[in-house]
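> Got a predicted model here, sequence first, then my questions.
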Amino acid sequence: MNEMGLALHTDKYQINMMYAHWINGTHHKKAVFEAYFRKLPFGNGYAVFAGLERIVNYITNLSFREEDIAYLAEQEENYDAKFLEELRQFRFHGNLFSMKEGAVVFADEPLIRVEGSIIEAQLVETALLNFMNYQTLIATKASRIKQVGGNDILLEFGTRRAQEADAAIWGARAAYIAGFHATSNMLAGARFGIPTKGTHAHAWVQSFGNEQEAFDRYANAMPDGVTLLVDTFDTLGSGVPHAIKTAKDLEARGKKMIAIRLDSGDLAYLSIQARKMLDDAGLSYVKIVASNDLDENTILDLKAQGARIDTWGVGTQLITASDQPSLGGVYKLVECEIDGEMVPTIKISANPEKVSTPGTKEVYRIINPTNGKAIADYICFPDEKDPLEGKRLKLFNPAHPYIRKYVSDYKAVPMLEPIFIEGKQVYTMPNLEEIRAYHVSQLDEFWPEYLRKLNPEIYRVNVSVKAWEMKQKLLAQYLPEEEL
Ligand SMILES: Nc1ncnc2c1ncn2[C@@H]1O[C@H](COP(=O)(O)OP(=O)(O)OP(=O)(O)O)[C@@H](O)[C@H]1O
Ligand SMILES: O=P(O)(O)OC[C@H]1O[C@H](OP(=O)(O)OP(=O)(O)O)[C@H](O)[C@@H]1O
Ligand SMILES: O=C(O)c1cccnc1
């Protein structure tokens, strides 16, 4: 898959800054940026990282085409022709480190780190955040639905309500990473190898005027994959009885109907009644699919009501993450070359949550070696080898430093993978099945209390003493004590 032509998929201010650096001769300065979010979405206890596949494609193909250069010249009279000339040669030559797709991740930890010249690291901010924020959001929403769905089959049905085509396709992929089983979107299937599934719409039944005829004709056409939508006229009065008749005819031909689909009304009541009617007809193998504006809350509620639903078709609520339609991931400069030296940088805000943590940082997942469960994520500078050497770590909450613990017996797993080094891809992209399996293994590392959908336990994300002291030092430097 080729992502040519995305160089202009950036905010104009990035190009303005690139240009201003070029004019000032500061464009070769080294810089380090980190991408992270400050708050978990949906009140969830964790997020599921996604977006790397598209980021890798984007970085690999990042170049300005003739038409891009011409457009920039036309759009901004300040841009010098020589600068635009140089953009023709532009390629990403930096380093990029990232969480792996499917990783369970948390607020306030670097998910992606970009190191390079200030202009290349600045240019990619917009696209990186765009891909990471959306796909991570949808994977997290899908993961919540998966937590509730248990072993039931989950189908992604969102394309018609998605915020346009890219969202549909990459959202389908994100949902699959988090445990959905198939998508209705054929392009997502073809492009990513996601299994596809489909039933039929009300229009099929309406187009015949006679429900039984519609079902029989559909079964004739698709004898090995029949799922019949039974709610066009009267679910229990006609839809289910007609579907039973079609199933029996199929049996006579040595075929088995797969399922019926319910798409309106009281899904608990209707599924219980339909199950009974199917079982009484000797069709206990025929499954029940439900759809209609479902999400993790309705699915949980329906299960609590004893609904007999085997497969859930989930569209709008998932693909638009309707209860929180964006993830607020940010991209902050943490270290920069100033007067020939790399120095940590800070962004100060009146809102303490928005104050950035200076310095290039690594993320380690600290695992209890006895039970394999995660204890905390530990953020420290790359030259701090304590986690790798198994030294005693102080785990303290940066917002409330008096809440502290020590850990000596642990395994430290580095979470940020090198993806590009000096512009060359060094990471072999796993296939989607491997990503799904990795996600399952990531979930296994957490006690259920961190994963539950309502009021989860807050997982520890801790910074090293050194990283914390650096932040205090820079805060003191930029915020001199004031007399009132
Ligand atoms: N037993 C139930 N308990 C809780 N929620 C339910 C139950 N049955 C259905 N729902 C949900 O209630 C909502 C019902 O929406 P709505 O009233 O628009 O559907 P409908 O009128 O039955 O069908 P439609 O408008 O699609 O023809 C949907 O989100 C559905 O998933
Ligand atoms: O409800 P979602 O989770 O988005 O799932 C996708 C919906 O798309 C189809 O409906 P359709 O477009 O025919 O609309 P309608 O059922 O609301 O009339 C299907 O019957 C589902 O209800
Ligand atoms: O296959 C289905 O039943 C389907 C696909 C997309 C949207 N709604 C339903």
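Sure, I can see it. Numbers count the residues shown, from 1 in each chain. Ligands and ions are numbered 1, 2, ... in the order given.
> Nearest residue to Gly189 in space, please, no chain neighbours.
Thr196 (3.8 Å; C-beta to C-beta, 6 or more residues apart in numbering). (Glycine included, C-beta is placed from N, CA and C.)
> in the sheet, who's paired with that neighbour?
Beta bridges link Thr196 to Thr183 when assigned by DSSP bridges.
> In this model Phe180 seems to touch it, though I could be wrong.
No: the pair Thr196 / Phe180 is not scored as a contact, 11.7 Å apart, by C-beta atoms under 8 Å.
> Just want to know which of those two has more residues nearby.
With neighbours defined as other C-beta atoms under 10 Å, Thr196 and Phe180 compare such that Phe180 has more, 27 against 16.
> Helix or strand: which one has the residue nearest to that one when sequence neighbours are not counted?
Of all residues not flanking Phe180 in the chain, Leu154 sits nearest, at 4.5 Å (C-beta to C-beta, 6+ apart). Using DSSP states H and E, Leu154 sits within strand 153-156.
> Now do the contacts for the residue nearest to Gly189.
182-186, 188-189 (C-beta atoms under 8 Å, 6 or more residues apart in numbering).
> Which of the residues you listed sits closest to ligand 1?
Ser184 (16.9 Å; C-beta to the nearest ligand atom).
> tell me the contacts of the closest one?
Shown in contact with Ser184 (C-beta under 8 Å, 6+ apart): 155-157, 159, 196-198, 313.
> What about ligand 2: which of those residues touch it?
Among the contacts of Ser184, proximity to ligand 2 is found for 157, 313 (C-beta under 6 Å from any ligand atom).
> still on that earlier bit, contacts for the next helix or strand after the strand holding Leu154, please.
Next helix or strand after strand 153-156 toward the C-terminus (DSSP H and E): helix 165-177. Here helix 165-177 makes contact (C-beta under 8 Å, 6+ apart) with 48, 50-51, 53-54, 101-102, 131, 134-136, 138-139, 142, 154, 156, 158-159, 162, 182-183, 185, 187-188, 191-192, 194, 318-319, 432, 435-436, 439.
> What subset of those residues is buried?
48, 50-51, 53-54, 101-102, 131, 134-136, 138-139, 142, 154, 156, 158-159, 162, 182-183, 185, 188, 192, 194, 318-319, 432, 435-436, 439 (16 or more other C-beta atoms under 10 Å).
> from those residues, which ones fall inside helices?
Of those, the ones assigned to helices by DSSP state H are 53-54, 131, 134-136, 138-139, 142, 188, 192, 318-319, 432, 435-436, 439.
> Could you tell me which residues of the stretch 301-450 of the chain lie near ligand 3?
313, 315.
> for the stretch 301-450 of the chain, which spans come out with low pLDDT?
Within the stretch 301-450 of the chain, not a single segment meets pLDDT under 70.
> what are the phi and psi angles of Tyr378?
phi -120, psi 120 (degrees, to the nearest 10).
> What helix or strand is the nearest residue to Thr246 once chain neighbours are set aside located in?
Among residues not flanking Thr246 along the chain, Phe215 sits closest, at 4.2 Å (C-beta to C-beta, 6+ apart). Assigned by DSSP H and E, Phe215 belongs to helix 211-221.
> Just name whatever secondary elements the helix or strand following that helix is in contact with.
Per DSSP H and E, the first helix or strand lying C-terminal to helix 211-221 is strand 227-229. Secondary-structure packing of strand 227-229 (3 or more C-beta pairs under 8 Å, 6 or more residues apart in numbering; DSSP states H and E): helix 202-206, helix 211-221, helix 240-252, strand 259-262.
> what pairs with strand 227-229, and is each one parallel or antiparallel?
Sheet pairing for strand 227-229, using DSSP bridges, gives strand 259-262 (parallel).
> Sort out which residues of the helix or strand hosting Gln14 are buried, please.
Using DSSP H and E, the element containing Gln14 is helix 12-24. Of all the residues in helix 12-24, those buried under the rule 16+ other C-beta under 10 Å are 14-15, 17-19, 21-22.
> Just the closest of those residues to Gly5, please.
Ile15 (15.5 Å; C-beta to C-beta).
> Reduced to three states, what does the residue nearest to the closest one when sequence neighbours are not counted come out as?
The shortest distance from Ile15 to any non-neighbouring residue, by C-beta to C-beta, 6+ apart, is to Leu72 (6.7 Å). On the three-state scheme (DSSP: H, G, I helix; E, B strand; the rest coil), Leu72 is labelled helix.
> who touches Leu72 in this structure?
Contacts of Leu72 by C-beta under 8 Å, 6+ apart are 8, 15, 64, 79, 84, 87.
> and it, how far is that from Leu87?
7 Å (C-beta to C-beta, to the nearest Å).
> Please apply the same query to Glu384.
In terms of C-beta to C-beta, Glu384 sits 38 Å off from Leu87.
> Same check on Asp68?
Taken as C-beta to C-beta, the span from Asp68 to Leu87 is 8 Å.
> Which one's more surrounded, these two?
Between Asp68 and Leu87, counted using other C-beta under 10 Å, Leu87 has the larger neighbour count: 21 against 18.
> Is the residue lying closest to that one once chain neighbours are set aside within a helix or a strand, and which one?
For Leu87, ignoring the flanking residues on the chain, the nearest one in space by C-beta to C-beta, 6+ apart is Phe64 at 4.6 Å. Assignment of secondary structure by DSSP H and E places Phe64 within no helix or strand.
> isn't Phe64 right up against Leu6?
No: assessed by C-beta under 8 Å, Phe64 is found out of contact with Leu6, at 10.5 Å.
> neighbour count winner among those two?
Phe64 (22 against 18).
> which ones are touching the more buried one?
Contacts of Phe64 by C-beta under 8 Å, 6+ apart are 7-8, 72, 87-88, 90.
> Ile145 contacts Ala321, correct?
No: using C-beta under 8 Å as the test, Ile145 is too far from Ala321 to be in contact (11.0 Å).
> More neighbours: those two, which one.
Ile145 (26 against 23).
> Return the residues of this protein in contact with ligand 1.
Counting by C-beta under 6 Å from any ligand atom, the chain sits next to ligand 1 at 264-268, 292-294, 298, 301-302, 305.
> could these go into TSV alongside secondary structure?
Converted to TSV, those look like this (three-state DSSP):
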residue	secondary structure
Ser264	coil
Gly265	coil
Asp266	coil
Leu267	helix
Ala268	helix
Asn292	coil
Asp293	coil
Leu294	coil
Thr298	helix
Asp301	helix
Leu302	helix
Gln305	coil
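> ok, and the most crowded of those?
Neighbour max across these (other C-beta under 10 Å) = Leu267, 27 neighbours.
> With adjacent residues omitted, what lies nearest to it?
Ala290 (4.9 Å).
> tally of neighbours for Gly313?
Other residues close to Gly313 by other C-beta under 10 Å number 24.
> whoops, I mixed them up, Glu74
That count, for Glu74 with other C-beta under 10 Å as the rule, works out to 9.
> ok, now Ser356?
20.
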